[in-house]
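Colleague: just a sequence and a predicted model for now, questions to come.
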2 protein chains.
Amino acid sequence: MFGQPSAKVVKGDPNKGSGLESKSLKIGVVLSGGQAPGGHNVICGIFDYLQERVNGSKLYGFKGGPAGIMKCKYVELSTEFIYPYRNRGGFDMICSGRDKIETPEQAPQYPLISLVEINSRKNMALLDFRCLILYGHHEFQFKQAEETAVKLDLDGLVVIGGDDSNTNACLLAENFRGKKMKTRVIGCPKTIDGDLKCKEVPISFGFDTACRIYAEIIGNVMVDARSTGKYYHFVRLMGRAASHITLECALQTHPNITIGEEVAAKKQTLKNVTDYITDIICKRAKLGYNYGVILIPEGLIDFIPEVQQLIAELNEILAHDAVDKAGMWKKKLRSQSRELLELLPKAIQEQLMLERDPHGNVQVAKIETEKMLIEMVETELEKRKQGGAYKGEFQGRSHFFGYEGRCGFPTNFDANYCYALGYAAGALLHSGKTGLISSVGNLGARVEDWTVGGTALTSLMDVERRHGKFKPVIKKATVELEGAPFKKFASLRDGMGPQESICPIQFVGSTADDLNPYSAAGTWSTSVGHKLWLIFGRNISQVT
Amino acid sequence: MFGQPSAKVVKGDPNKGSGLESKSLKIGVVLSGGQAPGGHNVICGIFDYLQERVNGSKLYGFKGGPAGIMKCKYVELSTEFIYPYRNRGGFDMICSGRDKIETPEQAPQYPLISLVEINSRKNMALLDFRCLILYGHHEFQFKQAEETAVKLDLDGLVVIGGDDSNTNACLLAENFRGKKMKTRVIGCPKTIDGDLKCKEVPISFGFDTACRIYAEIIGNVMVDARSTGKYYHFVRLMGRAASHITLECALQTHPNITIGEEVAAKKQTLKNVTDYITDIICKRAKLGYNYGVILIPEGLIDFIPEVQQLIAELNEILAHDAVDKAGMWKKKLRSQSRELLELLPKAIQEQLMLERDPHGNVQVAKIETEKMLIEMVETELEKRKQGGAYKGEFQGRSHFFGYEGRCGFPTNFDANYCYALGYAAGALLHSGKTGLISSVGNLGARVEDWTVGGTALTSLMDVERRHGKFKPVIKKATVELEGAPFKKFASLRDGMGPQESICPIQFVGSTADDLNPYSAAGTWSTSVGHKLWLIFGRNISQVT
């Protein structure tokens, strides 16, 4: 697929020949991995394209995710079938999946577990599409996909998924072409985490909706904190590999403290993070504010080098040695790791020791980072209180917002964006393209002015060393500390911290057209002079 | 105040004398206890009434809740001051509070703690208005309120609060009248819990908004459960004394399992509840569904008689005896209580023993009921699996939705309702009324047809024995098992349980005028044939 050019969907004269094939098409579509609002609309976009432009075509929805392809479990989509799912959240039209391969026969060589660079969130998703195809990369899985493609006489397959699923879409496209099969493959950028993007794919779908849902709830909690005046709410948000959601929510709501990937860039320790939070709490206490909201990305623990080190050592020790009650085993830890372990609250220490996956590895994803930080901050504040440096009262409250945002009703933006992605995928397949990711650009403009096309999947790829081999993969786009969103945040941060927090109202701005759900009169967006920050893709606009 | 007639606000001929006093008024307003969406609009309603109808009047907002009255901490409200808070959630305009009385001088006799009939949620709110005045009922607190009333030359005071705060509003009204003071007192029905209501006060404000917010999040989680197909989400919802929120959310979203006050009425045990949940999970597993959503009211533990018994015994034992490690102390428990304690997951047992309030009492409110149930169900399922009666896979996920709903933007209903309550309070004070609760009726009709007036607070009261004395109090309105909402729920319940859950979309209906926030096109409410249940106050309408 290397060197494949990108494609553009342009207006044609309906009276002239379009140059597109006129024979009917058989297309398959699959939802891969975690839910993101708008997935149904991608499918509707493909369906409508085929209905409107390629007479007699068929669209098959593979059921339960990639396993549906392997097992050839599908449903033929009809107008009636998809109708109730239009503009709706969830993936329940055909469901997604990360299916287990139960027997060795099904997965003859399944090597993923040992990969150390796979972080724990991925570990939870071990067995989805990415693994079935990418890591395995076995003839076996491709063979199953080939069989299904032949059986259904597929002209095309649309893979709706994240970075790994799109990597696999590319490999599958190459495989099909190598085998001289007619089946073409197009990817679609899905993930609420917002970490699949590039110049031509400004944002993955679902991110906008999820952030709005989280931001609304965070806003409510912020007003609650301010009304009550006595709680610090520690809010953990989804986003393990990258903290785009946390950053976006911070820009939308202006919490007092936001932790992000900077921690990794600055090589900070857990103690640094604790001190940073504690410092701001102390400053606020001096101003009479004993309340606030703190945002933490799910992946915080992964961002801290010393924690990664500790976990690596623990995995090693726990795999080979018995753990004695007296704690003699701890001597096997490097001194820095031992100190870190001792610093952690008892409950977290136990979690690290007890909760391990079937392969004996510590389950980082299960650690409730927000509760851990509450305990660590509490301990630090107690010390400072005894030293006379802190006189406030601290009560922490913990929240984790995850499942709440993955299946909400898509925002108008995501509804439109997804429909366009699907429609484009239809057009790309119709014109015989393969190995592209459906891409819609100029998203800051009116919908009429959006650009629609397909971008070569290889252009998103880097070569990474995996399994001792070099593999082309789409790299997760992490938060760029030099990017506009983070710089905007950094410029605001000092004002958000110790000072009274800015009104956390999520009004609408120029690039959105929803009203806040609970804004009663709908008059606020024009009549109130509150400041509003909206970030869209990578553009920030400030509307006053 | 006994025998006080109710009042009605009616249209008058503006050209004729209204019979109302024309001199300007000085009114105070206070927000008491937990936040509920719409509180700001009550204040705006009072303010606008005074501005429009009683020239030269002043409205004082007491700051930080009832303590603001006691300490005479207030702000004079102006057009500019209240403007940004119109139609907005939260209580941050003047804040609410449950302030601590720190020294004995401030609270000479503070007897509340020993009251066994006070449940734990109330215990958390020990020191708010209700206590300052009702339970104490000391000359001391009244004296402070009197001093403030005299100092500010108050013609009236509006108390925005729940059942206890309105009880106190009545006592304060009586006290002021007894002292021949001119200050009149009007209450306003506030609480998201929905447990302050009667014939004339069909609903407390905030309930509608909070339920919509929770229902939206629950709906998202339900779609997520269905899309993923592998988790049971246990959702704990606010509502300790009564489970109105849980019931309303169940009617709006149709979860698979809903637990409520029936448990108390049927004198069920924790084992019964566990078995009930487990049975449905097993039935669903047979149908191939290993996922679902379960709603649990915060007060579940309080509803179960045997748990109350256990806690009473624990409180007694822990107060007087040492707890030996070998567990000999457990012999002091009655056998039924001992069995129950052994049945509880380890973590919950520890919570019961360790987490106690300053008075040594077990902190029921801190028990994470949803996590407890997950563990108990897991254990029961494991047993059944070994016995061959269950072959599914169970993965529980826990949620607690509380702070997320107390400060959301009010729904149109709450925004209008609250404004009307405030406007009515202004009119009632203007006409010299006291000891009434602002009441707006006929809420199922268009806003133009709502009835507005005041209901005698005494008519809401029962006499209860507290502190060994008979006291008039407003009783919390619990869910009536013979009432229309519960009967509707009961009629649907069997269909919700084992079967595939009904689409949890919260569309709008005849009595609401918001669109679902994330409904993209706004076309769904008319175009889709999904069934919609809306409950409003005590009326249920089914719109197809």
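Modeller: The structure has been received and is ready for your questions.
Colleague: secondary structure class for the residue of the stretch 301-450 of chain A found nearest chain B?
Modeller: Of all residues in the stretch 301-450 of chain A, A:Phe409 sits closest to chain B, at 2.8 Å by CB to the nearest CB. (Glycine included, C-beta is placed from N, CA and C.) In the three-state summary, A:Phe409 is assigned as coil, counting by DSSP: H, G, I helix; E, B strand; the rest coil.
Colleague: now do it against A:Arg212, distance only.
Modeller: 10 Å (CB to CB, to the nearest Å).
Colleague: what residues does A:Ile281 make contact with?
Modeller: Under the criterion of CB atoms under 8 Å, 6 or more residues apart in numbering or on different chains, the contact list for A:Ile281 reads A:232, A:292, A:377, A:381, A:390, A:392, A:394.
Colleague: which pLDDT value belongs to the last one?
Modeller: Looking back up the chat, that one is A:Phe394. Per-residue confidence at A:Phe394 stands at 97 (pLDDT).
Colleague: what's the answer for the second one, then?
Modeller: According to the predicted model, the pLDDT of A:Gly292 comes to 95.
Colleague: so how many other residues sit close to the closest residue to it other than its chain neighbours?
Modeller: The spatial neighbour of A:Gly292 that comes closest, neighbours along the chain excluded (CB to CB, 6 or more residues apart in numbering or on different chains), is A:Asn256 at 3.8 Å. Burial of A:Asn256, expressed as a neighbour count using other CB atoms under 10 Å in any protein chain shown, amounts to 27.
Colleague: can you check A:Thr455 too?
Modeller: By the measure other CB under 10 Å, the count of residues near A:Thr455 is 23.
Colleague: so how far is chain B from it?
Modeller: A:Thr455 sits at a distance of 25 Å from chain B (criterion: CB to the nearest CB, to the nearest Å).
Colleague: that residue reaches A:Glu200, doesn't it?
Modeller: Yes - with contact defined as CB atoms under 8 Å, A:Thr455 counts as touching A:Glu200 (4.0 Å).
Colleague: who touches both of these two?
Modeller: Contact with both A:Thr455 and A:Glu200 is made by residues A:6, A:439, according to CB under 8 Å, 6+ apart.
Colleague: could you pull out the helices for the stretch 51-200 of chain A?
Modeller: Along the stretch 51-200 of chain A, counting by DSSP state H, counting those that start in this stretch, helices occupy A:66-70, A:79-82, A:120-124, A:129, A:139-151, A:163-178.
Colleague: can you pull the pLDDT of A:Ser96?
Modeller: If you check A:Ser96, the pLDDT there is 86.
Colleague: just checking, which of the contacts of A:Ile281 belong to strands?
Modeller: Within these, residues falling in strands by DSSP state E are A:232, A:292.
Colleague: just the ones of the contacts of A:Ile281 in helices?
Modeller: Assignment to helices by DSSP state H places the following of the contacts of A:Ile281 there: A:377, A:381.
Colleague: from the contacts of A:Ile281, pick the one nearest A:Gln336.
Modeller: Using CB to CB, A:Val377 comes nearest to A:Gln336 of those, at 21.5 Å.
Colleague: tell me the residue of the stretch 51-200 of chain A that sits nearest chain B?
Modeller: For the stretch 51-200 of chain A, the residue positioned closest to chain B under CB to the nearest CB is A:Gly90, at a distance of 3.5 Å.
Colleague: now that residue. Nearest residue, chain neighbours left out?
Modeller: Taking CB to CB, 6+ apart as the measure, A:Gly90 lies nearest to B:Val223, with 3.5 Å between them; neighbours along the chain are not counted.
Colleague: repeat for A:Ala456
Modeller: Closest to A:Ala456 by CB to CB, 6+ apart is A:Gln4, at 4.2 Å.
Colleague: and for the one you found, the neighbour number?
Modeller: Counted with other CB under 10 Å, the burial measure for A:Gln4 works out to 19 neighbours.
Colleague: and it, how far from A:Ser459?
Modeller: The separation that A:Gln4 has from A:Ser459, given CB to CB, amounts to 8 Å.
Colleague: could you see whether chain B lies near stretch A:442-449?
Modeller: No - with CB under 8 Å from any CB of the partner chain as the threshold, stretch A:442-449 lies outside contact range of chain B, at a closest distance of 12.0 Å.
Colleague: buried residues in that stretch?
Modeller: By neighbour count on 16 or more other CB atoms under 10 Å in any protein chain shown, the buried set for stretch A:442-449 is A:Leu443.
Colleague: related to what we said a few turns ago, which ones are touching the residue nearest to A:Ala456?
Modeller: In this structure, A:Gln4 makes contact with A:435-436, A:456-459, judged by CB under 8 Å, 6+ apart.
Colleague: only the buried subset of these, as a PyMOL command please.
Modeller: PyMOL command restricting those to the buried ones, with burial defined by 16+ other CB under 10 Å:
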select buried, chain A and resi 435+436+456+457+458+459
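Colleague: tabulate the contacts of A:Gln4 (CSV), appending secondary structure, distance to B:Leu333 and pLDDT.
Modeller: Converted to CSV, the contacts of A:Gln4 look like this (DSSP: H, G, I helix; E, B strand; the rest coil; distance: CB to CB, whole Å; pLDDT from 0 to 100):
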residue, secondary structure, distance to B:Leu333, pLDDT
A:Gly435, coil, 69, 96
A:Leu436, strand, 69, 97
A:Ala456, strand, 71, 95
A:Leu457, helix, 66, 95
A:Thr458, helix, 69, 93
A:Ser459, helix, 70, 92
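Colleague: need the contacts of A:Gln4 in CSV with distance to A:Glu404, can you?
Modeller: What follows is these, written out as CSV (distance: CB to CB, whole Å):
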residue, distance to A:Glu404
A:Gly435, 36
A:Leu436, 33
A:Ala456, 36
A:Leu457, 32
A:Thr458, 36
A:Ser459, 35
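Colleague: circling back to that earlier point, in which helix or strand does the residue nearest to A:Ala456 reside?
Modeller: Under the criterion of DSSP states H and E, A:Gln4 resides outside all helices and strands.
Colleague: again with the one 4 residues further on
Modeller: Using DSSP H and E, A:Lys8 maps to strand A:7-9.
Colleague: for that strand, which strands pair with it and how are they oriented?
Modeller: Looking at strand A:7-9 with DSSP bridges, its paired strands and their directions are strand A:451-456 (antiparallel).
Colleague: which residues of chain A score low on pLDDT?
Modeller: Under the criterion of pLDDT under 70, the regions of chain A flagged as low confidence span A:13-21, A:98-140, A:358-360, A:466-468, A:500-544.
Colleague: buried residues in the strand holding A:Lys8?
Modeller: Of the residues in strand A:7-9, those buried under the neighbour-count criterion (16+ other CB under 10 Å) are A:7, A:9.
Colleague: next structured bit after that strand?
Modeller: Sequence-wise, the next helix or strand beyond strand A:7-9 is strand A:26-31, with elements assigned using DSSP H and E.
Colleague: for that next one, list the C-alpha coordinates in CSV.
Modeller: Below are the C-alpha coordinates for strand A:26-31, written out as CSV (Å, rounded to 0.1, in the frame of the first residue of the first chain):
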residue,chain,number,x,y,z
LYS,A,26,-21.4,-5.8,-1.9
ILE,A,27,-19.9,-4.1,1.1
GLY,A,28,-19.2,-5.2,4.6
VAL,A,29,-18.8,-3.0,7.7
VAL,A,30,-17.5,-3.7,11.1
LEU,A,31,-17.3,-1.8,14.4
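Colleague: which residues does A:Leu373 contact?
Modeller: Listed by CB under 8 Å, 6+ apart, the contact partners of A:Leu373 are A:234, A:273-274, A:277, A:294, A:296.
Colleague: one more time with 10 Å, if that's ok
Modeller: In this structure, A:Leu373 makes contact with A:232, A:234, A:236, A:259, A:270, A:273-274, A:277, A:294, A:296, A:300, A:345, A:396, A:398, judged by CB atoms under 10 Å, 6 or more residues apart in numbering or on different chains.
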